[in-house]
Each structure stands twice: as C-alpha cells, then as structure tokens.
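[1] Fold the following.
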Amino acid sequence: MRNISISLVFFICLFFSVSSFGAGIAVVKSDSLKAYNKVLTGISLESRLAVEEFDMKGDKDRGQKIFEVLNSKRPSAIITIGPEASLLAKKYVKDIPVIFCMVPDHPKYGLSGNNITGVSVLLPLKTQLTILKSVTPNVRNVGVIYNPKISKSVFTDLNKKATELGMTLVPVLVDETEEVVSGIQTLQGKVDAIFLFPDPTVVSSVDVVKDIIKFAFEKKISLFGIGEEMVKEGALLSINPEYTSIGQQTARIAQDIIKQNIKPGLIPVADPESVSIALNITTAKRIGVECSMALEIFTFSAYNEYPIKVFK
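    Here you go, the predicted model:
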C-alpha cells in the first residue's frame, strides 16, 4: 500500500511539474551520473527554450511514468541522456521529436525512426586513428587485439584507414577474454603502439585492461586507450568526448528541429563536435616518448582547439 502511495505522489508531482510545457524541451536522464549532469549543463547553456529535467534514477518504471506524462503534455522536443532513457523514448514516444545522446554503440540499440535522431558519444574509430597519426607521426606498426566473431568488420575498416595513413595494423585474434593477456604478449618487438577499441571480449574485464596497461608500460609501447580513466591508470593517450559540448550540440539540433519543423528521422546521427585529449606524462617519460611527440600532441590540441588533460 505504501509503495502505491509513493508511486501516486510521484505521478501527481510529475504531472504538475510539466504543466507549463508546450514550447519547451524535456530532458530525461537515465540516471544521476556525473557525465550526464555535464551534458545537462551543456543543454541548459545552449537552449533558448525552457528546459525541464527529469531523472529516471536508474528505474525503468519511473521512466515509463515520465514518458506517459510527457506524451500527454507534449513538449516541443525530448532530449534523452543515456541508453535506458533513449530506449524508453523509442518505445513510448511516437510523434514528438526525440534527440538522444550518451548512448555507446547506438546502432545496436536500434535507435532510429521518423521522430528520432541523436549525437554519438564517440568519434568514429577511423577518425580517432587519423588523430592518433597526427599526434604521433612516427608510429608505423600498431597492434590491435580483437575478437573476430564480434569485431571483424571494425578491424577491416580500421585496416583500410591505417593503410591510407601509412600505418600497418598487427592483429591479435582472441575468442575469449582469458586469451587477451597471453595474446598481447605476442606483440612485443613487433609494434610501436597498441590501439584499443571497445571490443567487449578485450575491454570488458577491468583486470585484463590493467594487464594490458602494465604490459605496454613495462615494454615501453605507446598504448592508445579508451577514456580518461585508462589514461589515469597508465595508458599513454586517449581521445574523449567533451560532455558539456555534447549537451550544447544536442540542444542546437533540438532547436533546429523545432524551429524548422524538420523530421528528426531525416537527420543523420551526428558525430561529437568537440573532444579532449588525455595524456599521461609519467607514462610518456617511462616509455621514452620524445619531446617532439609531446610537442606534436600539444600543437595538434591547440590548433584544433581540443582541450588537453594531463595526468601523472
């Protein structure tokens, strides 16, 4: 009985909190994560329309109630932050523009439809490879470890791009997570660098990722990791989304849709406009990164107006 009462109070409060909608933007967060709050800050900074925030707090039932009320109150657009909110929007919202963001590997979630578009959370891997070549021009042989059952097409695309850039990818194929650590050892003496991408067999285990970082550090191989946390742990470099910028970009898309009455389904999912580069200077010193490479990294960041975050 108490749970029913709490649910009813939440529903009533939610109903009245959106009573002013009509020309505003509803923002639904999947949860109260720090990264999601940075996106929300960006949306609020950029939006010229009223913004109302709703937090699912990781609760799908709560999320369903939020979308039921939004369907009745009809904001001009709905921005969803995170996979859970975005999937619920796809399920329950059919004729209000939905712009998603902060959804890793968004194609696998099937986030498409006449009323849906969004902003990707990651730069395309080929673009990342291009940036890495720009900041480390002397790198020639790059190790890539992946599960061919999952990421064969990803590796094929990367290999084509690497050839264009004058690099050679040295593949290590694994079928199980348990094979990753022994597989990575085979790269010793064969590569200048290791490039990680989000193959779940390779990066889903924290312990395995730490072992990869340790191997690269000890063998003085440049490791291009995934995210700032991996750089903090000892990877040399990573290219990361700027979450506040993603929020601003998403808000601009929402406002364009509203102002120009565009069908969201006709707008391709956008790549993030701004990224940051994370560099571990302790690792750089330990593996013998030349001053010229460090200068290339800082020069590239400054020229492209990419923030650079330094860890040690």
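
[2] per-domain residue ranges of the chain.
    Domains of the chain are assigned by automatic domain parsing as 2-119+243-266, 125-240+275-311.

[3] can you list contacts of the strand or helix carrying I253?
    Per DSSP states H and E: I253 is located in helix 243-260. With CB atoms under 8 Å, 6 or more residues apart in numbering as the test, helix 243-260 has contacts from 25, 35-36, 38-49, 51, 76-77, 79, 97, 99, 101-102, 117-119, 121, 262, 264, 267, 270, 272-274. For the C-beta atoms, the positions are set from N, CA and C on the backbone; glycine is no exception.

[4] Among these, name the buried ones.
    With neighbours counted using 16 or more other CB atoms under 10 Å, these contain these buried positions: 25, 35-36, 38-40, 42-44, 46-47, 51, 76-77, 79, 97, 99, 101-102, 117-119, 121, 264, 267, 270, 272, 274.

[5] Filter those residues down to the ones in strands?
    Judged by DSSP state E, the subset of the buried ones among the contacts of helix 243-260 located in strands is 25, 51, 77, 79, 99, 101, 117-119.

[6] what's the farthest-apart pair in those residues?
    For these, the farthest-apart pair by CB to CB is V51 and T117; their separation is 18.3 Å.

[7] And the strands in the stretch 101-250 of the chain?
    116-119, 141-146, 168-173, 193-195, 222-224, 237-241 (DSSP state E, counting those that start in this stretch).

[8] Name the strands paired with the fourth one and say parallel or antiparallel.
    It refers to strand 193-195. Strands that pair with strand 193-195, judged by DSSP bridges, come out as strand 141-146 (parallel), strand 222-224 (parallel).

[9] for the third one, same thing?
    Taking DSSP bridges as the criterion, strand 168-173 pairs within the sheet with strand 141-146 (parallel).

[10] any low-confidence regions in the chain?
    Scanning the chain for pLDDT under 70 picks out 1-22, 290-294.

[11] again, only this time at 80
    Within the chain, the stretches with pLDDT under 80 are 1-23, 105, 135, 288-298, 300-305.

[12] Find the centremost residue of it, please.
    Taking CA atoms, centre = their mean, the centroid of the chain lies closest to V121, which sits 3.0 Å from it.

[13] That'll do, ta.
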